[in-house]
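Asks: Need coordinates for the following:
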Amino acid sequence: MNVPPFFMGLTLLFWGWEVKLLPLAAACAVGVELPRVIRWRTDFSEADIRRFWDLCEILFLGAMMYGYATTDIAGGPAKFMPWLPLIFFPFVAATAFSAHDRVRLSTYFWLLRKPGRETLSAKPLGAFVPYWYFAVCFIAASIMNVRDIRFYAGVVLFGGWLLWMVRSRTAPASAWAFVIAIAVAAGFFGQIGLTRLQALVENKAGQLFQNLEAPDVEFSQTRTSIGSVGRLKLSGRIILRVETDGRHPPPSLLRKASFSSYQSSGDRATWSASRPEFGMVTPGAGAADWPLATSRAAPSTVKISTFLQNGTGILSVPNGPTMLDGLLATSVQTNACGSVRVREAPPLVRYTVEYNEAASTIDAPPAAADLEIPPQEAPAVAEIAGEIGLTSQPPLAVLQRVQNFFQEKFTYSRYLKGTDYDPTGRNTPLREFLLRDRTGHCEYFATAATLLLRQGGVPARYAIGFAVPEAERGGTVHLVRARHAHAWTLAYVNGAWRDFDTTPASWDEVEEEQKTIYQPLTDLLSWLRYAFAGWRYYGDRRAVAKLLLWLAPVLIAWFVWRLLSRKRGVRLEGRRPQEPTLHYPGLDSEFYLVERQVAKTGVPRRGGEPLQEWADRVETARQHGQKIAPLRDIIALHYAYRFDPQGITPAQRRKLRACVDAWLENAS
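Replies: Numbers count the residues shown, from 1 in each chain. Sure thing, here's the model as predicted:
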């Protein structure tokens, strides 16, 4: 190793001290420093050194899998990175005890091992090994994130040691020390500033993302696309996986929230909840059971899977939920608008919902807000109510007449048309929809139906969530995509809230037209993510961790036995033998004996000086009385022997040797 004695050993001890693995670090330190004491080596070939590196790569990947399998994705690196020096120690020890310098660029990069790329990886890199291993040790030590002076002192000490070795010998030591002192001071105060900046950024980012998550976590209001202009387009990304038992159909609608107050101004239309506050749900007998109603008499069940950001958000449930089974979470909350909120659950949540669509369980009874009609919408709503005869009708008759009105006289469209300008403010987007255009998307139908039911005396609310499509290929799993997002009406009939959807049935076919040719690929990627997350959070990860812990020592032992059983140790009698150098023609020419002899007379050949110029200087010295025989014949034969592609004949070779012998004899 081309580093000072004990440098790598002390580096390993520093790493072990920081990560609390001092006994292992001491053993590794002895291993890397022992080659300085003993002369025994092993004759590893270049292929053997590559195998050691491949082994370390396998151990590195295994450590990553173990760290990810035993903790979350954020804590995974902190689980395996402190072990990096130990993971790469077999390779470092092999290069230290190797009888030859076999480390090349191709050792580290598989692509350079292909035939025809030898020139890219021919340069030995043995001196590079301790330096990158030194960096690995300090990276591993820094993972512990100890915020005290000792780690910084270690960085300064070892970094200064290395810089002292490579410093320029022409600069005074005092100047070098002054520059290092400035760098140490700047680094110390710089790291304090970076620590404060990190805290500030984390705080601001937390506030930002908290604000971004608020609508999905609270659902106190929702802004619709009513009044907007353009084509409504949603993606085919899979949001929910709804699984049935194969004998009963799934619920047609999965609700996230409902709202009671509608307001519109220009191109902005918003529904708000009058009582959005959440209350805690008391867990059941099982740790993952959450009863939502006092009675568990529920005729239907469905299993739902979805991803939640940070494990917190609003769940999609059918109308009338009574129990959530198998939901791993710290807390579950509900509100009067029928929303179910979960906190501190795995990113992938799986839950089985027991529900009764004919009963109201978590929704609050009707209030005055459930019969209110905004003043700006009242004229158009009253006109339509009179047209279809909603006055003095029983609730079921009101529902039937509203349903028939929308099914017979309206069409579904994803295109959003703007509202004609009206300085009085009476020409609202909903009025245009009811009286003129009579085409729109589900938000128009749900809003209009809610207000018409209220005009007919039926309490109603605006609901949002997802429509459940048919299962693909006749299976039991229904894939709910982003384009299946839907809005409908909740109507209070016979003492319970019922789903009431007036959007024409053709809406689902229109949405399916958005399917792209890339959907099979995105579905595959989504399934792989879902399957991995299912194993990650609900599978037996401990079995994988145990397997990796048992497999690692077995793999190392088998590898070392296979490698060392075919190698023989050698004893070095001096420095480590270098790789054999290439031999060029003419390097054994006797001319070099003449060159050394002439140098003794005071006319040495200068670095890079052509032979003919040197011969001229020798001739000049001879003319001045120095005892030097002529060299031109010898130089001519040497040039031919050294540089002529055709070489020289055996006779010329013998002549060169004879001329040199004669010259040396005369010179003596």
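Asks: When you work out contacts or count neighbours from here on, use the C-alpha atoms and nothing else.
Replies: Noted.
Asks: The helix or strand containing D633: how far from the chain's middle?
Replies: If you go by DSSP states H and E, D633 is part of helix 632-643. On the basis of CA atoms, centre = their mean, to the nearest Å, helix 632-643 sits 65 Å off its chain's mean C-alpha point.
Asks: Go ahead and produce CSV holding the CA coordinates of the one helix or strand L490 maps to.
Replies: Using DSSP H and E, L490 sits within strand 485-493. Extracted C-alpha coordinates of strand 485-493, given in CSV (Å, rounded to 0.1, in the frame of the first residue of the first chain):
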residue,chain,number,x,y,z
ALA,A,485,-62.5,9.4,-10.3
HIS,A,486,-66.2,10.3,-10.0
ALA,A,487,-68.8,12.6,-8.3
TRP,A,488,-72.3,11.7,-7.4
THR,A,489,-75.1,12.6,-5.0
LEU,A,490,-76.0,11.3,-1.5
ALA,A,491,-79.8,11.4,-1.0
TYR,A,492,-81.4,10.9,2.5
VAL,A,493,-84.3,8.5,1.9
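Asks: which other residues reach the following helix or strand past that strand?
Replies: Sequence-wise, the next helix or strand downstream of strand 485-493 (DSSP H and E) is strand 496-500. Strand 496-500 is contacted by residues N319, E357, A358, A359, S360, D363, W488, T489, L490, A491, Y492 when judged by CA atoms under 8 Å, 6 or more residues apart in numbering.
Asks: Let's see that with 10 Å instead.
Replies: Residues outside strand 496-500 that contact it (CA atoms under 10 Å, 6 or more residues apart in numbering): 252-255, 318-320, 357-361, 363-366, 399, 403, 446, 449-450, 459-463, 488-492.
Asks: which of those residues count as buried?
Replies: 253-255, 318-320, 357-361, 363, 366, 399, 403, 446, 449-450, 459-463, 488-492 (16 or more other CA atoms under 10 Å).
Asks: Filter those residues down to just the ones in strands.
Replies: L253, L254, R255, A460, R461, Y462, A463, W488, T489, L490, A491, Y492 (DSSP state E).
Asks: Going by distance to T107, which of those residues wins?
Replies: L254 (56.2 Å; CA to CA).
Asks: Contact partners for that closest one?
Replies: Taking CA under 10 Å, 6+ apart, one finds 240, 242, 315-319, 463-468, 480, 485-486, 499 in contact with L254.
Asks: so how far is L611 from it?
Replies: 93 Å (CA to CA, to the nearest Å).
Asks: Same question for T334.
Replies: 97 Å.
Asks: Who has more neighbours out of those two?
Replies: Taking neighbours as other CA atoms under 10 Å, T334 and L611 compare with T334 leading, 20 against 17.
Asks: would you say the more buried one is within a helix?
Replies: No. Applying DSSP: H, G, I helix; E, B strand; the rest coil, one finds T334 to be strand, outside a helix.
Asks: looking at it, it is touching F278, isn't it?
Replies: Yes. Under the criterion of CA atoms under 10 Å, T334 makes contact with F278 at 5.2 Å.
Asks: Report the set of residues contacting both of these two.
Replies: Joint contacts of T334 and F278 (CA under 10 Å, 6+ apart) are V340, R341.
Asks: what's the first-to-last distance across stretch 489-504?
Replies: By CA to CA, one end of stretch 489-504 lies 14 Å from the other end.
Asks: Please point out which parts of that stretch sit buried.
Replies: Quick answer for stretch 489-504 (16+ other CA under 10 Å): 489-493, 496-504.
Asks: returning to that earlier point: columns pLDDT and distance to P90 on top of the ones in strands among the buried ones among the contacts of strand 496-500, output as CSV?
Replies: Output for those, formatted as CSV (pLDDT from 0 to 100; distance: CA to CA, whole Å):
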residue, pLDDT, distance to P90
L253, 92, 59
L254, 93, 56
R255, 91, 57
A460, 94, 71
R461, 93, 68
Y462, 93, 66
A463, 92, 62
W488, 92, 65
T489, 94, 67
L490, 94, 67
A491, 94, 71
Y492, 93, 72
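Asks: from those, which is closest to D54?
Replies: With CA to CA as the yardstick, the closest approach to D54 among these comes from L254, at 51.0 Å.
Asks: With T503 as the reference, measure out to L435.
Replies: Applying CA to CA to L435 and T503 gives a distance of 17 Å.
Asks: Same question for A26.
Replies: In terms of CA to CA, A26 sits 73 Å off from T503.
Asks: before we move on, what about C137?
Replies: C137 is 64 Å from T503, by CA to CA.
Asks: give me the element R241 is part of.
Replies: strand 238-243.
Asks: Tell me which strands that strand pairs with, and in which orientation.
Replies: strand 300-307 (antiparallel), strand 477-481 (antiparallel) (DSSP bridges).
Asks: Now do the strands in the stretch 201-350 of the chain.
Replies: Using DSSP state E, counting those that start in this stretch, the strands of the stretch 201-350 of the chain run over 221-223, 230-231, 238-243, 253-259, 261-265, 268-272, 278-280, 290-291, 300-307, 313-315, 321-325, 331-335, 340-343, 348-355.
Asks: Ignoring the adjacent residues along the chain, who's closest to S265?
Replies: T428 (7.9 Å; CA to CA, 6 or more residues apart in numbering).
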